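>>> sharing a model that was predicted from the sequence below.
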Amino acid sequence: MRINVVIAQVPAVWDVATNLRTVRDVLDETEPGDVVLFPEGMLSGYGEDLTPLDRMDPAEVSDAVLRLAETATAERVEVFLGTLHPEPEGWSNAAVHLSPGRKPEIYRKINLAMNERGRLIPGGSLTVTGTMAGIQLCREIRFPEQWQFLASEGARFFAYLTNAANPREPAGVWRSHLISRAAENQRFVLSANIPHPDQHCPSMVVDPRGVVVAELPAGRPGVLRCTIDLADSGDWYLGQRRTDVVAVTYHAAEDRM
């Protein structure tokens, strides 16, 4: 199955209306059937300092998600975008998956960053979307067991959304992580990050062998387009795991809806 991928390396600011216009500007240039990725926090905005959440209207974010769902259906595209998402007990860090003819699917980040702990509500489950995607957010690149579980559950590619611009991170490490997650699981990794002078994780596409198919220059806005064939994904390595010696047990907790 061949799919056309569009990765948007675009800025996310603490203003929902501005971010909504940015997303729509990208979607206006897509073609029916495209799979489009935006960074973590794309709709709401995001930063190491989360105090702007105190001034954010939950209803504005929820309404924007519904409006983008309508846009995705009208444009006949599949969209993955990050947002801080309103919950009954506060906010989560989430990825929204929009697909024509389907209800929005919400993945809530289960492994929160240190600045998010005590401020955001963690998710409690790892699920594969109806279109065979496994979603991960930002620092979850450092937890390969989550990716392996999603591959084992049927994900044919990974949608990885991040807001990674930390000058304290060593250069090249997160790029290496992306290549490893692709090769060890024999899955495509599609990565979308913000453009920033301190950007330390690339927006790129890695194939199931670990080969970088396409990559955007760091630090400036851009849109990447390429075609991938999900038939290249496989289970040859996953099928050789010694689960009689080492096995990871999955315990889903109830997501706070």
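Looks like it arrived, so ask away.
>>> quick one: the helices in the stretch 151-257 of the chain?
Ranges of helices in the stretch 151-257 of the chain, per DSSP state H, counting those that start in this stretch, are 173-185.
>>> those strands in it, which residues are they?
Along the stretch 151-257 of the chain, the segments classed as strands by DSSP state E, counting those that start in this stretch run 157-161, 188-192, 204-206, 212-215, 222-229.
>>> which regions of the stretch 51-200 of the chain lie under the pLDDT threshold?
Scanning the stretch 51-200 of the chain for pLDDT under 70 picks out nothing.
>>> could you list every residue that touches residue 213?
204, 205, 206, 207, 226, 228 (C-beta atoms under 8 Å, 6 or more residues apart in numbering). Placement of C-beta: from N, CA and C, glycine included.
>>> what pairs with the most centrally placed residue in the chain across the strands?
Among the residues of the chain, the one closest to the centroid is residue 161, at 2.9 Å (C-alpha atoms, centre = their mean). Beta-bridge partners recorded for residue 161 (DSSP bridges): residue 137, residue 192.
>>> wait, isn't it in contact with residue 135?
Yes - counting by C-beta atoms under 8 Å, residue 161 sits close enough to residue 135 to count as a contact (7.3 Å).
>>> okay, now the closest residue to residue 132 other than its chain neighbours: neighbour count?
Once flanking residues are discounted, residue 132 sits nearest to residue 156: 4.3 Å by C-beta to C-beta, 6 or more residues apart in numbering. Residue 156 has 22 neighbouring residues, counting by other C-beta atoms under 10 Å.
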